[in-house]
Structures are given as structure tokens and as C-alpha cells.
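Colleague: need the 3D shape of this:
(4 chains)
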4 protein chains.
Amino acid sequence: MRKLQIAVIGYNKDRCTDAASKTAYEVGKEVALAGAVLVCGGLGGVMESACRGAKESGGTTIGIIPQEEFSYANQHCDVVICTGIGYARDFIIASSADGIIAVGGGVGTLIEMGVAYMTKKTIVAMAGSGGVADMYGGKFLDERNRVPVTVAKDAKAAVKVILASNNK
Amino acid sequence: MRKLQIAVIGYNKDRCTDAASKTAYEVGKEVALAGAVLVCGGLGGVMESACRGAKESGGTTIGIIPQEEFSYANQHCDVVICTGIGYARDFIIASSADGIIAVGGGVGTLIEMGVAYMTKKTIVAMAGSGGVADMYGGKFLDERNRVPVTVAKDAKAAVKVILASNNK
Amino acid sequence: MRKLQIAVIGYNKDRCTDAASKTAYEVGKEVALAGAVLVCGGLGGVMESACRGAKESGGTTIGIIPQEEFSYANQHCDVVICTGIGYARDFIIASSADGIIAVGGGVGTLIEMGVAYMTKKTIVAMAGSGGVADMYGGKFLDERNRVPVTVAKDAKAAVKVILASNNK
Amino acid sequence: MRKLQIAVIGYNKDRCTDAASKTAYEVGKEVALAGAVLVCGGLGGVMESACRGAKESGGTTIGIIPQEEFSYANQHCDVVICTGIGYARDFIIASSADGIIAVGGGVGTLIEMGVAYMTKKTIVAMAGSGGVADMYGGKFLDERNRVPVTVAKDAKAAVKVILASNNK
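Modeller: Numbering: from 1, shown residues only, chains lettered A, B, ... in the order given. From the prediction side, this is the model:
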């Protein structure tokens, strides 16, 4: 039986703040404690902090990277998916999630939220984490109002929203 | 010498309004008259109207479709690129453009705008065309303020913005 | 620390023989017993039998599927990567492996072997399993003679070849 | 009305022989003279020679490149599709062709032939051009015998095979 897969997305290494890194760590930890698998982009910043949080709580981490060589992944990925398709891998991260949690982030994170929105996945934005999480939190990404970007005040609440929407 | 490639993106067949269709036709026409190649997603709605506009003004049209069979493309595409990679083809449309023009559109159009933003392409939104063109027109898609979504009042102005930004 | 990732590729459900299914099961089992992660295309036939073999020996299984919905994956995948990019996902399977093992298979399997060959991954073909495993076993796929398609007489030998080439 | 799209594939710049380059030029020329659009990988070697041949005979050339920036394409591409998906773009080249012609080539060319085989496109290999064109010419790529790799003695004959199979 497949476990729930939760994607954590957000700032890459270049723009990740200490606060966002800490939040990502907490989200990773809560994903692990909920018994879900952590899916992410496998690189630095939010991705790395979330992986570290999940690993330190006994979770499983999957890094879906743009490159075709394993060496680009952060050291806290249990499994690395080397897509080799560049940033189009953002689609795969969102498609491979039962729900996604955004911690800060730039336009790449917005694109991942967009893919999740398109396929009606649950989307959660961490309150106060900056970037697109705060810009788009509480809104619908287009006029169809398919799924809202739900704002969560902390990591535990964020994971809870996704668990609830997946009835598990 | 490669000609300028301008992508026209926006509402698909299901949601395209008559007004958006008319605007897309005008944009396609202006792209052709400017001597540029029209790039689009190759399907219905805005894509089809833009292709028709370009063809009726002697232009060249390229449809980059999600499917792997030619038959899904609209009848006004001179060349069809059958990607077979589903909606990840949105990345290719934006990457294959020197600038993009949005006419209405849902989250798929937002994703294409996002890819263009990531790579600092010129992005133009048609004023009053609805959808994400109006929702995001005049804004920056993330906090880095890389490139604005420029609002254009008509098709001629939209193409002019892209020509100007490419120095041609 | 990432574990070794071994891809098992071959006949899909339509063409899988009982013998190939049995061989795939054994290969999956040996991958698990070696402490490696099983990577595969996540669908039926060889993919499903290999996953079942790995799971029944306590292994971890990753299914990288062409579709964008989880439901297409076989029931023995611990983690499902929904690529949504169709058969271009064959590239990702090969890129995401430290070595690959072919059990029978048609041209899709040949393509995966080709990608592995391009990036100099260890390629093993199961002797007598039919399909492209037997057609190309013992050969080089192009004139550059980069890496041979090594023939293995049984599952244990196949996994051993990959372990040896990865020094683990 | 869409014109026929013929893909020319084969040696990249690193391995292209003078003979293969000359053959590719002739194939490009014949594709143009037949009124078909030339589709290729857009880089050097066979791709560049074929594009040059087509352009010097008044044809239209489309380069589908692995990178996401236009600058990687050869100077004889009328239109450049910047896929940004790396070598997975090989799938798109084959899917976007009504038939393909191989001039020499390594495993990347074999992969493109494999994709064409999977979708039952007409595949032609230039006799004596070396590489996989000669290794696999006259054969079926798997045991299903879907479509043969037809051997053509010269460029005119190669294009004729594709025209005939498309009833045009």
C-alpha cells in the first residue's frame, strides 16, 4: 500500500532565509511523523532543510532533480529521481504529490503550485514564510476558483490540512 | 537568419470567450505582419484563433502540442511539434519564444507566464481579455521583480512591446 | 546516505511471458536482498513482477509512470513518480539508475538500454528472457563500444554485476 | 494544410564524417525539393548539414534542441524549439515526424529510431553512412517486427520511401 506523498516546495539555496529554512525543517519533520513520504526538488534551500527534518524524524525522502546525474541532489535524499528534463521537472513534483506545502519561494514555486492547482491537489502556503507562499496564500490562482491556496500557521497545521483532504 | 518567435497563449477551447477569440485573431495577425513566427500550444481557443489570424495575414504558425499525434493540432498550424509530454509542454512554448502575449487564460497560461518570467522573457497581457491576463497584468510574478507583465491595449501595441525588447 | 538504485525493465503486461514474469520476480527479490532500491516503470508485466519480488523480500520499490495520476501504478510500488510526460519517462528511469537489468522487452526497453548506454551505466540482460534482452545481450549498441550489454544467467548474477560495477 | 514533416537524424558534430555530412546535405536538399519541412535536433554534424542542404534548396528547417536557449541551435534553422528537457527531446523529434532518415549516428540516433518504431513511423537508413544507420539498416528493432529500418542507397530514394508511405 502506497503511503501518502507530500511535496515540500519553496526557496532554493540562493534565496532561502534562515526563517524559511527552519520552517521547511519543521514541515519535513511533520511529514515524517505523519507517516507520509516527503517529495521535493532534491536540491538546496527549502528542499534540503525539509529533507533533513524528515530524515531526523525517521521519514523517507525523495528528491526529483532537474539534472541527469545523482551528484546534484542534497545528502538527505533517500531516493533520487534524475529527470534530466530541467525545470520541466516542476510538473513531476506536483503530479507526484497528494498535496503540496510551499515555504517562501519564487516563480518556480508558483509554477509548481499552478500544476497542483490544475490537477486540484491540496495546496498549502506557510504563513509568513515570504515569497510566493505569502503573495498567493489565501487566493485562487485563476478565475475558476478550483482549489484555494490554504494558509497554515505552522508545520503541524499544514500537514493536517493535507491529511484531512486525503481522508487519511 | 532565424525570425523572431512570438508565443500567443491563453484560454483553451472550453473557456474561450468570443472577445478573447477576436483579440487572439488580431494578435496573430499583428505577429504575422511584423514578420515574426507565431508559436503556440497548437490546440483550440486562443491558440486556434491566433493561428488563423496569422495565416490570413501570410504568417508562419507553429503548434507545440501535448500529445504525440499530429491529429490533435488545429488546422491552422504550418508545423506541428508533437511533444508527447503532456502539459509539461508549457515549458517548451515559453522557452521557444522571444516574447509572449497572453489573451485571457487559466492556470496553464499562468504557468507559461511563469516560465517566461523565470527566463526573463518579455511578457505582455492583453487588457480586458479576462482570465490570468487581467489578474496578473501590470504585476511581477514573484518578489524578485525580474520582468513585469506589461499590459497592452491592443494587438499592435502588444507586438510592438516585444519587438522593442528584442531590438528588431 | 543514498542506497544503490537498480532499474528493472522489460516486457509490459501485454507481452510478458510467464517465464519473464518469474525471472523479473527473482530479479526484484535479489535487488531487495542486496539492499538496493528497485526503480521501474511502475506498470504491469516485468515491472509489476519485479516490484512484487522486491516487496516480498522487504525491499523498497519506486514506480516512474508515464501518466500523471497515481492510479495507473501497480500495487507493489512504495513510491509512485507520476511524470505525466508519456514514454519520454523512459529517459528518467535509466537516468535514475546506477545500473539496469532487462528481462525480455520490446523497443521501449531498448530505448531505456540506449539511455543507459549513452550515460555509461551498467546494463545487464537476463539470458533466455526473450525480446530485446536476448537480441542485444552480449553486444554494444553503437560503434563506440561504450558499455557492453552484459548477459547474466540468473538474477543473483545480474545484481552482482551491478554491485561490482558500483564498488558496493 | 500542414506539409509533410521529415526528420533527419544522425551523427552529432563530434563524430560526423565528411561523407556523412555530404549525405546529410543531400538528404536535406531532397526533403526541401519534395516540399516537406525538415525537422531535426538543431545542433551540429548531420543536423547542421541537413539544414544547410534544405535551406540552399529553399526549404523550411525546424531545430528541436535539448537546451532552453536559442543560441545553441545551428545557423540554418528557420525555427528553433528550445525544449530545455535535455536528450529526452529525442522523443519529440521522432514524434514530430511523418518519417525519419538516419545518416550514421550513435545511440541517440538509435533511440530516435526506437521512438519512431514504437509509433510505426517510416524509418530509413542511408546505406554506407556508418554508425547505427548501417548497424540496424534492414532490420527490425524488436521481435514484434512492427516496421523495418529500410535501407536507401541515396537521398532521393530515402525521401521517396517516406513520401510513398504517407501517400503524398
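Colleague: neighbours of A:L110, how many?
Modeller: A:L110 has 27 neighbours, counted by other C-beta atoms under 10 Å in any protein chain shown. For glycine as for every other residue, the C-beta is placed from the backbone atoms N, C-alpha and C.
Colleague: that one and B:V8, how far apart?
Modeller: 21 Å (C-beta to C-beta, to the nearest Å).
Colleague: please list the residues of chain A that sit near chain C.
Modeller: For chain A, the residues in contact with chain C (C-beta under 8 Å from any C-beta of the partner chain) are A:1-3, A:5, A:37, A:60, A:62, A:64, A:68, A:70, A:73, A:75, A:77-85, A:88, A:91-92, A:95-96, A:98, A:119.
Colleague: which ones, among those, also lie beside chain B?
Modeller: Answer for the residues of chain A next to chain C near chain B (C-beta under 8 Å from any C-beta): A:I85, A:A88, A:F91, A:I92.
Colleague: what two of those are the furthest from one another?
Modeller: The distance between the two most remote of these (C-beta to C-beta) is 8.8 Å, for A:I85 and A:F91.
Colleague: common neighbours of these two, please.
Modeller: Jointly contacting A:I85 and A:F91 under the rule C-beta atoms under 8 Å, 6 or more residues apart in numbering or on different chains are B:A88, C:I85.
Colleague: helix, strand, or coil at the most far-flung residue of chain A relative to its centre?
Modeller: Most distant residue from the mean C-alpha position of chain A: A:E143, 24.0 Å away (C-alpha atoms, centre = their mean). Per DSSP: H, G, I helix; E, B strand; the rest coil, the secondary structure class of A:E143 is coil.
Colleague: surely it touches B:G105?
Modeller: No - between A:E143 and B:G105 there is no contact under C-beta atoms under 8 Å: 9.4 Å.
Colleague: ok so, going back, ok, which of the ones next to chain B among the residues of chain A next to chain C also contact chain D?
Modeller: Checking those against chain D (C-beta under 8 Å from any C-beta), the matches are A:I85, A:A88.
Colleague: in helices, which of the ones next to chain B among the residues of chain A next to chain C appear?
Modeller: Judged by DSSP state H, those include A:F91, A:I92 as members of helices.
Colleague: which one (most neighbours) among the ones next to chain B among the residues of chain A next to chain C?
Modeller: A:I85 (33 neighbours).
Colleague: so how far is D:V103 from it?
Modeller: 27 Å.
Colleague: quick one on the thing from earlier: and the pLDDT for the residue farthest from the centre of chain A?
Modeller: pLDDT, A:E143: 96.
Colleague: and the ones next to chain B among the residues of chain A next to chain C as TSV, adding pLDDT?
Modeller: TSV is the format used below for these (pLDDT from 0 to 100):
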residue	pLDDT
A:I85	98
A:A88	97
A:F91	97
A:I92	98
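Colleague: just give the number of residues close to the residue nearest to A:V115 when sequence neighbours are not counted.
Modeller: Spatial nearest neighbour of A:V115, excluding adjacent residues (C-beta to C-beta, 6 or more residues apart in numbering or on different chains): A:A94 at 3.6 Å. Neighbour count of A:A94, defined by other C-beta under 10 Å: 26.
Colleague: same check, this time on A:A54
Modeller: If we define neighbours as other C-beta under 10 Å, then A:A54 has 30 of them.
Colleague: element containing it, please.
Modeller: For A:A54, the host element (DSSP states H and E) is helix A:46-55.
Colleague: got the contact list for the helix or strand following that helix?
Modeller: Using DSSP H and E, the helix or strand that follows helix A:46-55 towards the C-terminus is strand A:60-65. For strand A:60-65, the external contacting residues (C-beta under 8 Å, 6+ apart) are A:3, A:5, A:28, A:32, A:37-43, A:47, A:50-51, A:54-55, A:72-74, A:76-83, A:89, A:92-93, A:96, C:62, C:79, C:81.
Colleague: got a ChimeraX select line for the buried ones in those?
Modeller: To isolate the buried subset of the contacts of strand A:60-65 in ChimeraX, counting by 16 or more other C-beta atoms under 10 Å in any protein chain shown, use the following:
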select /A:5,28,32,37,38,39,40,41,42,43,47,50,51,54,55,73,74,76,77,78,79,80,81,82,83,89,92,93,96 /C:62,79,81
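Colleague: got the contact list for A:L141?
Modeller: A:M113, A:G114, A:Y117, A:V149, B:V107, B:L110, B:V132.
Colleague: can I take it that the last one is in a strand?
Modeller: No - counting by three-state DSSP, B:V132 is located in no strand; its state is helix.
Colleague: rounded mean pLDDT for the helix or strand where A:I101 lies, please.
Modeller: Using DSSP H and E, A:I101 maps to strand A:99-103. For strand A:99-103, mean pLDDT rounds to 98.
Colleague: which residues touch the next helix or strand after that strand?
Modeller: Downstream of strand A:99-103, the first helix or strand assigned by DSSP H and E is helix A:107-118. Helix A:107-118 is contacted from outside by A:7, A:9-12, A:87, A:90-91, A:93-95, A:97, A:99-100, A:102, A:122-123, A:131-133, A:136, A:140-142, A:146-147, A:149, B:87, B:107-108, B:110-111, B:114-115, B:117-118, B:141-142, B:144, B:146, using C-beta under 8 Å, 6+ apart.
Colleague: could you flag which of those residues are buried?
Modeller: The buried subset of those - by 16+ other C-beta under 10 Å - is A:7, A:9-12, A:87, A:90-91, A:93-95, A:97, A:99-100, A:102, A:122-123, A:131-133, A:136, A:141-142, A:146-147, A:149, B:87, B:107-108, B:110-111, B:114-115, B:117-118, B:141-142, B:146.
Colleague: so A:A19 sits against A:S129, correct?
Modeller: Yes - counting by C-beta under 8 Å, A:A19 does reach A:S129; the two are 7.1 Å apart.
Colleague: so which of the two has more stuff around it?
Modeller: Set A:A19 next to A:S129 and count neighbours by other C-beta under 10 Å: A:S129 wins out with 26 against 14.
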